[in-house]
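Enquirer: can't give you the sequence, but here's the structure:
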(Lines give C-alpha, C1' and ligand atoms only; values in the text may rest on other atoms or scores of the structure.)
Protein backbone atom coordinates (compact mmCIF):
# COMPACT_ATOMS: atom_id res chain seq x y z
CA UNK A 1 0.00 0.00 0.00
CA UNK A 2 1.42 3.42 -0.95
CA UNK A 3 2.21 6.08 1.68
CA UNK A 4 -0.73 8.26 0.68
CA UNK A 5 -3.09 5.25 0.90
CA UNK A 6 -1.79 4.52 4.41
CA UNK A 7 -2.55 8.13 5.39
CA UNK A 8 -6.08 7.83 3.98
CA UNK A 9 -6.69 4.52 5.75
CA UNK A 10 -5.41 5.77 9.12
CA UNK A 11 -7.43 8.98 8.97
CA UNK A 12 -10.66 7.21 7.98
CA UNK A 13 -10.00 4.60 10.68
CA UNK A 14 -10.21 7.37 13.29
CA UNK A 15 -13.90 7.72 12.41
CA UNK A 16 -14.60 4.13 13.58
CA UNK A 17 -11.88 3.08 16.10
CA UNK A 18 -11.00 -0.55 16.78
CA UNK A 19 -12.88 -2.15 19.71
CA UNK A 20 -11.03 -2.15 23.07
CA UNK A 21 -8.29 -4.78 23.40
CA UNK A 22 -8.71 -7.60 25.94
CA UNK A 23 -6.38 -7.53 28.99
CA UNK A 24 -4.99 -11.03 29.50
CA UNK A 25 -3.41 -12.75 32.47
CA UNK A 26 0.01 -12.39 30.83
CA UNK A 27 -0.51 -8.63 30.72
CA UNK A 28 -1.38 -8.55 34.41
CA UNK A 29 1.65 -10.61 35.33
CA UNK A 30 3.94 -8.40 33.28
CA UNK A 31 2.55 -5.26 34.96
CA UNK A 32 3.06 -6.77 38.41
CA UNK A 33 6.69 -7.58 37.51
CA UNK A 34 7.20 -4.00 36.35
CA UNK A 35 5.49 -2.53 39.41
CA UNK A 36 2.57 -1.12 37.37
CA UNK A 37 -1.15 -1.26 37.97
CA UNK A 38 -4.06 -0.76 35.61
CA UNK A 39 -4.68 3.00 35.05
CA UNK A 40 -7.76 4.28 36.85
CA UNK A 41 -8.89 7.85 36.37
CA UNK A 42 -10.10 8.44 40.00
CA UNK A 43 -7.86 6.01 41.96
CA UNK A 44 -7.25 6.79 45.68
CA UNK A 45 -3.99 5.77 47.49
CA UNK A 46 -5.72 3.35 49.84
CA UNK A 47 -6.96 1.24 46.86
CA UNK A 48 -3.44 0.31 45.71
CA UNK A 49 -2.85 -2.63 48.15
CA UNK A 50 -6.24 -4.09 47.21
CA UNK A 51 -5.47 -3.85 43.51
CA UNK A 52 -2.10 -5.57 43.97
CA UNK A 53 -3.71 -8.33 46.00
CA UNK A 54 -6.40 -8.83 43.40
CA UNK A 55 -3.79 -9.05 40.70
CA UNK A 56 -1.86 -11.79 42.61
CA UNK A 57 -5.10 -13.79 42.99
CA UNK A 58 -5.73 -13.65 39.24
CA UNK A 59 -2.20 -14.87 38.44
CA UNK A 60 -2.46 -17.76 40.95
CA UNK A 61 -5.83 -18.73 39.52
CA UNK A 62 -4.34 -18.91 36.05
CA UNK A 63 -1.82 -21.50 37.30
CA UNK A 64 -4.67 -23.91 37.99
CA UNK A 65 -6.25 -23.34 34.55
CA UNK A 66 -8.84 -20.77 35.65
CA UNK A 67 -8.66 -17.88 33.18
CA UNK A 68 -10.16 -14.49 34.00
CA UNK A 69 -10.51 -11.93 31.26
CA UNK A 70 -10.99 -8.25 32.03
CA UNK A 71 -12.18 -5.86 29.31
CA UNK A 72 -10.66 -2.40 29.61
CA UNK A 73 -12.67 0.64 28.66
CA UNK A 74 -9.88 3.17 28.19
CA UNK A 75 -11.18 5.56 30.88
CA UNK A 76 -14.47 7.25 31.57
CA UNK A 77 -15.23 8.69 28.10
CA UNK A 78 -18.59 10.30 27.47
CA UNK A 79 -20.81 8.48 25.05
CA UNK A 80 -20.38 9.73 21.46
CA UNK A 81 -23.07 11.82 19.82
CA UNK A 82 -21.89 11.96 16.20
CA UNK A 83 -24.10 11.84 13.11
CA UNK A 84 -26.20 8.77 12.51
CA UNK A 85 -24.74 5.88 10.54
CA UNK A 86 -26.14 4.21 7.44
CA UNK A 87 -29.59 2.64 7.90
CA UNK A 88 -30.44 -1.09 8.07
CA UNK A 89 -27.34 -1.90 10.15
CA UNK A 90 -27.49 -0.90 13.80
CA UNK A 91 -23.98 -0.83 15.33
CA UNK A 92 -23.43 -2.41 18.73
CA UNK A 93 -22.96 -0.19 21.76
CA UNK A 94 -19.30 -1.21 21.96
CA UNK A 95 -18.76 0.11 18.45
CA UNK A 96 -20.43 3.48 19.02
CA UNK A 97 -19.97 4.44 22.66
CA UNK A 98 -16.93 6.50 23.48
CA UNK A 99 -14.31 8.29 21.42
CA UNK A 100 -10.60 7.53 21.93
CA UNK A 101 -8.47 10.21 23.58
CA UNK A 102 -6.34 11.89 20.87
CA UNK A 103 -2.57 11.58 21.19
CA UNK A 104 -0.69 14.58 22.68
CA UNK A 105 -0.41 17.45 20.22
CA UNK A 106 -3.44 16.39 18.15
CA UNK A 107 -6.47 18.73 18.42
CA UNK A 108 -9.81 17.36 19.53
CA UNK A 109 -12.19 17.47 16.54
CA UNK A 110 -15.98 17.98 16.63
CA UNK A 111 -18.11 14.82 16.25
CA UNK A 112 -18.19 13.66 12.65
CA UNK A 113 -15.05 15.52 11.60
CA UNK A 114 -11.63 14.14 10.71
CA UNK A 115 -8.27 15.78 10.09
CA UNK A 116 -7.29 16.65 6.48
CA UNK A 117 -5.13 14.02 4.83
CA UNK A 118 -3.44 13.08 1.60
CA UNK A 119 -4.63 9.99 -0.27
CA UNK A 120 -5.48 8.76 -3.78
CA UNK A 121 -6.59 11.81 -5.76
CA UNK A 122 -5.76 13.75 -2.57
CA UNK A 123 -8.98 12.55 -0.92
CA UNK A 124 -9.91 14.50 2.21
CA UNK A 125 -12.70 13.15 4.42
CA UNK A 126 -14.91 16.03 5.53
CA UNK A 127 -17.58 14.53 7.75
CA UNK A 128 -19.39 11.34 8.62
CA UNK A 129 -22.98 11.31 7.47
CA UNK A 130 -25.79 8.75 7.35
CA UNK A 131 -26.85 8.51 3.70
CA UNK A 132 -28.10 5.61 1.66
CA UNK A 133 -26.02 3.74 -0.89
CA UNK A 134 -27.68 5.65 -3.71
CA UNK A 135 -25.07 8.32 -3.16
CA UNK A 136 -24.94 12.08 -3.43
CA UNK A 137 -26.10 14.43 -6.20
CA UNK A 138 -25.28 18.05 -6.98
CA UNK A 139 -26.67 21.08 -8.77
CA UNK A 140 -23.24 22.70 -8.93
CA UNK A 141 -23.69 24.56 -5.64
CA UNK A 142 -24.96 22.09 -3.04
CA UNK A 143 -24.90 18.37 -2.39
CA UNK A 144 -28.08 16.33 -1.98
CA UNK A 145 -28.83 12.83 -0.69
CA UNK A 146 -31.55 10.60 0.69
CA UNK A 147 -30.99 10.13 4.44
CA UNK A 148 -33.21 8.04 6.71
CA UNK A 149 -36.38 8.65 4.71
CA UNK A 150 -35.63 12.32 4.15
CA UNK A 151 -34.21 14.40 1.33
CA UNK A 152 -31.30 16.50 2.61
CA UNK A 153 -29.17 19.36 1.35
CA UNK A 154 -25.51 19.22 2.42
CA UNK A 155 -22.92 21.97 2.61
CA UNK A 156 -19.96 20.87 0.46
CA UNK A 157 -17.55 22.89 2.59
CA UNK A 158 -18.45 21.35 5.96
CA UNK A 159 -20.40 18.18 5.09
CA UNK A 160 -23.19 19.29 7.42
CA UNK A 161 -26.87 18.81 6.61
CA UNK A 162 -28.28 22.34 6.26
CA UNK A 163 -31.84 21.52 5.10
CA UNK A 164 -34.09 18.48 5.08
CA UNK A 165 -37.63 17.40 4.29
CA UNK A 166 -39.66 14.20 4.47
CA UNK A 167 -40.26 12.65 1.05
CA UNK A 168 -42.29 9.52 1.74
CA UNK A 169 -41.68 6.52 -0.51
CA UNK A 170 -38.83 7.98 -2.55
CA UNK A 171 -37.73 5.73 -5.42
CA UNK A 172 -35.45 8.08 -7.38
CA UNK A 173 -34.54 11.77 -7.57
CA UNK A 174 -32.68 14.15 -9.86
CA UNK A 175 -31.39 17.65 -9.21
CA UNK A 176 -31.53 20.70 -11.49
CA UNK A 177 -30.33 24.22 -10.76
CA UNK A 178 -33.54 25.45 -9.15
CA UNK A 179 -35.39 22.25 -8.18
CA UNK A 180 -35.06 18.73 -6.84
CA UNK A 181 -37.38 16.26 -8.58
CA UNK A 182 -38.47 13.27 -6.48
CA UNK A 183 -40.16 10.26 -8.10
CA UNK A 184 -42.25 8.08 -5.81
CA UNK A 185 -45.10 5.61 -5.93
CA UNK A 186 -48.04 5.95 -3.59
CA UNK A 187 -49.90 3.02 -2.04
CA UNK A 188 -52.56 3.08 -4.75
CA UNK A 189 -49.90 2.53 -7.42
CA UNK A 190 -50.01 6.17 -8.54
CA UNK A 191 -46.59 7.40 -9.68
CA UNK A 192 -45.99 11.00 -8.62
CA UNK A 193 -43.22 13.47 -9.49
CA UNK A 194 -42.78 16.02 -6.68
CA UNK A 195 -40.88 19.30 -6.98
CA UNK A 196 -38.83 20.83 -4.16
CA UNK A 197 -36.85 24.06 -3.96
CA UNK A 198 -33.16 23.28 -4.37
CA UNK A 199 -32.35 25.91 -1.71
CA UNK A 200 -34.93 25.41 1.04
CA UNK A 201 -36.34 21.98 0.07
CA UNK A 202 -39.82 23.44 0.43
CA UNK A 203 -42.34 21.55 -1.68
CA UNK A 204 -43.32 23.49 -4.81
CA UNK A 205 -45.76 21.17 -6.53
CA UNK A 206 -46.66 17.65 -7.59
CA UNK A 207 -47.40 16.02 -10.95
CA UNK A 208 -49.31 12.76 -11.32
CA UNK A 209 -47.63 10.68 -14.04
CA UNK A 210 -49.76 7.56 -14.20
CA UNK A 211 -50.53 4.30 -12.46
CA UNK A 212 -48.26 1.27 -12.21
CA UNK A 213 -49.08 -1.95 -10.34
CA UNK A 214 -47.79 -1.56 -6.79
CA UNK A 215 -44.36 -3.12 -6.45
CA UNK A 216 -44.08 -3.44 -10.24
CA UNK A 217 -40.32 -3.17 -10.75
CA UNK A 218 -38.10 -0.10 -10.72
CA UNK A 219 -38.62 3.54 -11.59
CA UNK A 220 -36.16 6.04 -12.97
CA UNK A 221 -35.91 9.79 -13.55
CA UNK A 222 -33.47 11.87 -15.62
CA UNK A 223 -33.00 15.53 -16.55
CA UNK A 224 -31.66 17.05 -19.78
CA UNK A 225 -32.09 20.21 -21.82
CA UNK A 226 -34.73 21.76 -19.55
CA UNK A 227 -36.95 18.68 -19.35
CA UNK A 228 -37.52 15.85 -16.88
CA UNK A 229 -37.98 12.25 -18.07
CA UNK A 230 -39.60 9.67 -15.78
CA UNK A 231 -40.76 6.08 -16.24
CA UNK A 232 -44.36 5.39 -15.27
CA UNK A 233 -46.61 2.54 -16.36
CA UNK A 234 -46.07 1.71 -20.05
CA UNK A 235 -44.50 5.03 -21.03
CA UNK A 236 -41.80 7.59 -20.41
CA UNK A 237 -43.39 10.85 -19.30
CA UNK A 238 -41.73 14.15 -20.26
CA UNK A 239 -42.23 17.12 -17.90
CA UNK A 240 -41.24 20.74 -18.49
CA UNK A 241 -38.73 21.69 -15.78
CA UNK A 242 -39.91 25.31 -15.59
CA UNK A 243 -43.66 24.76 -15.26
CA UNK A 244 -43.83 21.19 -13.93
CA UNK A 245 -46.43 20.36 -16.59
CA UNK A 246 -46.50 17.18 -18.69
CA UNK A 247 -45.56 18.02 -22.28
CA UNK A 248 -45.80 14.56 -23.84
CA UNK A 249 -45.84 10.81 -23.22
CA UNK A 250 -43.62 8.41 -25.12
CA UNK A 251 -45.36 5.00 -25.13
CA UNK A 252 -43.29 1.81 -24.81
CA UNK A 253 -45.21 -1.12 -26.35
CA UNK A 254 -42.64 -3.91 -26.01
CA UNK A 255 -42.51 -4.13 -22.23
CA UNK A 256 -42.31 -2.04 -19.09
CA UNK A 257 -39.72 0.79 -19.08
CA UNK A 258 -37.60 0.66 -15.94
CA UNK A 259 -34.43 2.71 -16.53
CA UNK A 260 -34.14 5.92 -18.56
CA UNK A 261 -31.21 8.19 -19.50
CA UNK A 262 -31.04 11.14 -21.88
CA UNK A 263 -28.04 12.61 -23.69
CA UNK A 264 -26.96 16.05 -22.40
CA UNK A 265 -28.23 17.80 -25.56
CA UNK A 266 -31.62 16.09 -25.30
CA UNK A 267 -31.39 14.41 -28.72
CA UNK A 268 -31.28 10.73 -27.68
CA UNK A 269 -33.09 8.72 -25.02
CA UNK A 270 -31.97 5.31 -23.76
CA UNK A 271 -34.56 3.06 -22.11
CA UNK A 272 -34.33 -0.34 -20.48
CA UNK A 273 -37.47 -2.30 -21.35
CA UNK A 274 -38.12 -5.20 -18.98
CA UNK A 275 -39.85 -8.30 -20.34
CA UNK A 276 -40.48 -11.67 -18.64
CA UNK A 277 -37.56 -13.15 -20.61
CA UNK A 278 -34.90 -10.42 -20.49
CA UNK A 279 -33.99 -6.75 -20.39
CA UNK A 280 -33.84 -4.94 -23.72
CA UNK A 281 -31.95 -1.69 -24.30
CA UNK A 282 -33.64 0.76 -26.65
CA UNK A 283 -32.22 3.92 -28.18
CA UNK A 284 -34.88 6.44 -29.24
CA UNK A 285 -34.66 9.78 -31.06
CA UNK A 286 -36.08 12.84 -29.32
CA UNK A 287 -38.45 14.57 -29.29
CA UNK A 288 -40.46 12.08 -31.37
CA UNK A 289 -39.48 8.94 -29.44
CA UNK A 290 -38.76 7.11 -32.70
CA UNK A 291 -37.00 3.76 -32.13
CA UNK A 292 -33.41 3.83 -33.45
CA UNK A 293 -31.94 0.64 -32.02
CA UNK A 294 -33.11 -2.25 -29.84
CA UNK A 295 -30.68 -4.76 -28.35
CA UNK A 296 -31.36 -7.61 -25.87
CA UNK A 297 -29.11 -7.61 -22.82
CA UNK A 298 -27.72 -10.85 -21.44
CA UNK A 299 -27.60 -9.54 -17.87
CA UNK A 300 -30.00 -7.53 -15.78
CA UNK A 301 -29.60 -3.79 -16.33
CA UNK A 302 -29.28 -1.84 -13.07
CA UNK A 303 -28.82 1.70 -14.38
CA UNK A 304 -28.15 3.81 -17.47
CA UNK A 305 -26.04 6.97 -17.70
CA UNK A 306 -25.97 8.92 -20.96
CA UNK A 307 -23.08 11.09 -22.19
CA UNK A 308 -22.26 12.95 -25.40
CA UNK A 309 -20.99 9.80 -27.11
CA UNK A 310 -23.34 7.08 -25.95
CA UNK A 311 -24.59 5.33 -22.84
CA UNK A 312 -22.90 3.65 -19.87
CA UNK A 313 -24.72 0.45 -18.92
CA UNK A 314 -24.44 -0.95 -15.39
CA UNK A 315 -25.42 -4.61 -15.46
CA UNK A 316 -25.45 -7.49 -13.02
CA UNK A 317 -24.36 -11.02 -13.88
CA UNK A 318 -24.38 -13.30 -10.86
CA UNK A 319 -22.33 -11.68 -8.09
CA UNK A 320 -20.44 -9.46 -10.52
CA UNK A 321 -21.59 -5.94 -11.40
CA UNK A 322 -19.95 -4.24 -14.38
CA UNK A 323 -20.20 -1.01 -16.37
CA UNK A 324 -19.98 -1.00 -20.18
CA UNK A 325 -19.91 1.86 -22.65
CA UNK A 326 -22.11 1.58 -25.74
CA UNK A 327 -21.50 4.22 -28.45
CA UNK A 328 -24.58 5.93 -29.84
CA UNK A 329 -26.29 4.26 -32.83
CA UNK A 330 -24.39 0.99 -32.32
CA UNK A 331 -25.49 -2.44 -31.20
CA UNK A 332 -24.03 -4.35 -28.26
CA UNK A 333 -21.19 -5.47 -30.54
CA UNK A 334 -19.74 -1.98 -30.26
CA UNK A 335 -19.54 -2.02 -26.45
CA UNK A 336 -16.14 -1.50 -24.84
CA UNK A 337 -14.58 -3.52 -22.03
CA UNK A 338 -15.91 -2.87 -18.50
CA UNK A 339 -15.12 0.61 -17.20
CA UNK A 340 -15.52 -0.57 -13.61
CA UNK A 341 -16.68 -3.52 -11.57
CA UNK A 342 -18.03 -4.35 -8.16
CA UNK A 343 -18.98 -7.41 -6.20
CA UNK A 344 -20.77 -8.58 -3.10
CA UNK A 345 -23.79 -6.41 -3.86
CA UNK A 346 -21.75 -3.23 -4.37
CA UNK A 347 -23.00 -1.30 -7.38
CA UNK A 348 -20.75 0.69 -9.71
CA UNK A 349 -22.06 4.27 -9.69
CA UNK A 350 -21.62 6.32 -12.87
CA UNK A 351 -22.09 10.11 -12.98
CA UNK A 352 -21.55 12.85 -15.53
CA UNK A 353 -20.24 16.02 -13.90
CA UNK A 354 -17.93 18.86 -14.96
CA UNK A 355 -17.95 17.50 -18.51
CA UNK A 356 -16.42 14.16 -17.48
CA UNK A 357 -17.83 10.69 -16.77
CA UNK A 358 -16.90 9.34 -13.31
CA UNK A 359 -17.02 5.66 -12.32
CA UNK A 360 -16.84 4.67 -8.65
CA UNK A 361 -16.74 1.50 -6.48
CA UNK A 362 -13.46 -0.16 -5.45
CA UNK A 363 -11.56 1.99 -7.93
CA UNK A 364 -12.44 5.50 -9.02
CA UNK A 365 -11.82 6.51 -12.62
CA UNK A 366 -12.51 9.35 -15.03
CA UNK A 367 -13.69 8.49 -18.55
CA UNK A 368 -13.92 10.41 -21.81
CA UNK A 369 -17.65 11.19 -22.37
CA UNK A 370 -17.38 10.85 -26.18
CA UNK A 371 -15.15 7.80 -26.67
CA UNK A 372 -15.70 5.96 -23.39
CA UNK A 373 -11.95 5.61 -22.93
CA UNK A 374 -10.52 5.73 -19.42
CA UNK A 375 -8.30 8.75 -18.70
CA UNK A 376 -7.11 8.03 -15.15
CA UNK A 377 -7.78 5.59 -12.31
CA UNK A 378 -7.02 5.22 -8.60
CA UNK A 379 -7.65 2.43 -6.12
CA UNK A 380 -9.79 2.99 -3.02
CA UNK A 381 -7.79 1.43 -0.15
CA UNK A 382 -9.46 -0.68 2.50
CA UNK A 383 -8.90 -0.29 6.24
CA UNK A 384 -7.89 -3.17 8.52
CA UNK A 385 -9.42 -5.78 6.24
CA UNK A 386 -12.66 -3.87 5.55
CA UNK A 387 -13.35 -3.16 1.88
CA UNK A 388 -13.97 0.49 1.02
CA UNK A 389 -15.55 2.05 -2.05
CA UNK A 390 -16.67 5.38 -3.46
CA UNK A 391 -20.20 6.24 -4.53
CA UNK A 392 -21.19 9.08 -6.83
CA UNK A 393 -18.52 11.59 -7.84
CA UNK A 394 -20.03 15.06 -8.38
CA UNK A 395 -18.83 18.67 -8.54
CA UNK A 396 -20.01 21.56 -6.37
CA UNK A 397 -18.53 25.06 -6.30
CA UNK A 398 -15.60 23.95 -8.44
CA UNK A 399 -14.51 20.96 -6.30
CA UNK A 400 -15.12 17.23 -6.65
CA UNK A 401 -16.92 15.28 -3.91
CA UNK A 402 -17.96 11.68 -3.36
CA UNK A 403 -19.65 9.52 -0.74
CA UNK A 404 -17.20 7.08 0.88
CA UNK A 405 -18.46 3.73 2.25
CA UNK A 406 -16.81 1.22 4.60
CA UNK A 407 -18.79 -1.18 6.77
CA UNK A 408 -21.13 1.07 8.82
CA UNK A 409 -19.18 4.22 7.99
CA UNK A 410 -20.39 6.70 5.37
CA UNK A 411 -18.48 9.95 4.87
CA UNK A 412 -18.36 12.85 2.45
CA UNK A 413 -14.89 13.23 0.93
CA UNK A 414 -13.36 15.93 -1.25
CA UNK A 415 -11.28 14.77 -4.23
CA UNK A 416 -8.67 16.44 -6.42
CA UNK A 417 -8.70 14.43 -9.68
CA UNK A 418 -5.53 14.55 -11.79
CA UNK A 419 -5.22 16.95 -14.74
CA UNK A 420 -5.46 13.95 -17.11
CA UNK A 421 -9.18 13.69 -16.28
CA UNK A 422 -9.91 17.00 -18.00
CA UNK A 423 -8.00 16.58 -21.28
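Expert: It's in. These figures come from a predicted structure and were not determined experimentally. Numbering: from 1, shown residues only.

Enquirer: Report the separation between residue 198 and residue 422.
Expert: 26 Å (C-beta to C-beta, to the nearest Å). No exception for glycine: its C-beta is placed from N, CA and C like everyone else's.

Enquirer: Looking at these two, which has the bigger crowd around it?
Expert: residue 198 (21 against 12; other C-beta atoms under 10 Å).

Enquirer: right, and the more buried one touches residue 139 too?
Expert: Yes: shown here, residue 198 and residue 139 form a contact pair, counting by C-beta atoms under 8 Å, at 5.4 Å.

Enquirer: which neighbours do the two share?
Expert: 175, 176, 177 (C-beta atoms under 8 Å, 6 or more residues apart in numbering).

Enquirer: Among those residues, which one is most surrounded by other residues?
Expert: Among those, the one with the most neighbours (other C-beta under 10 Å) is residue 175, at 23 neighbours.

Enquirer: my read: it touches residue 199, true?
Expert: No: with contact defined as C-beta under 8 Å, residue 175 does not count as touching residue 199 (11.7 Å).

Enquirer: picking up where we left off before, which member of the shared contacts of residue 198 and residue 139 is positioned nearest residue 185?
Expert: The closest of the shared contacts of residue 198 and residue 139 to residue 185 turns out to be residue 175 (C-beta to C-beta; 20.0 Å).

Enquirer: Going along the chain, name the helices of this protein.
Expert: 3-13, 25-34, 48-63, 93-96 (DSSP state H).

Enquirer: Now for this protein, the helix or strand with the poorest mean pLDDT.
Expert: helix 93-96 (a mean of 28; mean pLDDT, DSSP states H and E).

Enquirer: shaky segments in the stretch 51-200 of the chain?
Expert: 51-119, 132-133 (pLDDT under 70).

Enquirer: ok so, going back, any chance of JSON lines for the shared contacts of residue 198 and residue 139, columns distance to residue 387?
Expert: Formatted as JSON lines, these follow (distance: C-beta to C-beta, whole Å):
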{"residue": "175", "distance to residue 387": "29"}
{"residue": "176", "distance to residue 387": "34"}
{"residue": "177", "distance to residue 387": "36"}
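
Enquirer: Keep only those of those residues that are in strands.
Expert: residue 175 (DSSP state E).

Enquirer: low pLDDT regions in the stretch 301-423 of the chain?
Expert: Counting by pLDDT under 70, the stretch 301-423 of the chain has low-confidence residues at 331-345.

Enquirer: Could you rerun that using 90?
Expert: 316-322, 329-347, 381-388, 405-411, 423 (pLDDT under 90).

Enquirer: Quick one: the strands in it, in order.
Expert: Assigned by DSSP state E, counting those that start in this stretch, the stretch 301-423 of the chain shows strands spanning 310-317, 320-327, 340-343, 350-353, 356-359, 363-367, 374-379, 389-396, 399-406, 409-415.

Enquirer: For the last one, name the packing helices and strands.
Expert: Applying 3 or more C-beta pairs under 8 Å, 6 or more residues apart in numbering; DSSP states H and E, we find strand 409-415 packed against strand 124-128, strand 399-406.

Enquirer: What is the last one packed up against?
Expert: With contacts taken as 3+ C-beta pairs under 8 Å, 6+ apart, strand 399-406 sits against strand 389-396, strand 409-415.

Enquirer: Would you convert the ones you listed into JSON lines that also reports mean neighbour count?
Expert: Formatted as JSON lines, these follow (neighbours: other C-beta atoms under 10 Å):
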{"stretch": "strand 389-396", "mean neighbour count": "24"}
{"stretch": "strand 409-415", "mean neighbour count": "23"}
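
Enquirer: would you list those in CSV and tack on distance to residue 208?
Expert: Listed next are those as CSV, based on distance: least, C-beta to C-beta, whole Å:
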stretch, distance to residue 208
strand 389-396, 29
strand 409-415, 34
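
Enquirer: and residue 300, which of the ones you listed is closest to it?
Expert: Across those, closest to residue 300 is strand 389-396 (C-beta to C-beta), at 20.3 Å.

Enquirer: I'd like to know which elements that closest one is packed against.
Expert: So strand 389-396, by 3+ C-beta pairs under 8 Å, 6+ apart, packs with strand 137-138, strand 350-353, strand 356-359, strand 399-406.

Enquirer: what do you get if the cut-off is 6 Å, keeping everything else the same?
Expert: strand 350-353, strand 399-406 (3 or more C-beta pairs under 6 Å, 6 or more residues apart in numbering; DSSP states H and E).

Enquirer: ok, the first one: who's next to it in the sheet?
Expert: The reference is to strand 350-353. strand 356-359 (antiparallel) (DSSP bridges).

Enquirer: same question, the last one
Expert: If you go by DSSP bridges, strand 399-406 pairs up with strand 389-396 (antiparallel), strand 409-415 (antiparallel).

Enquirer: Done for today, thanks.
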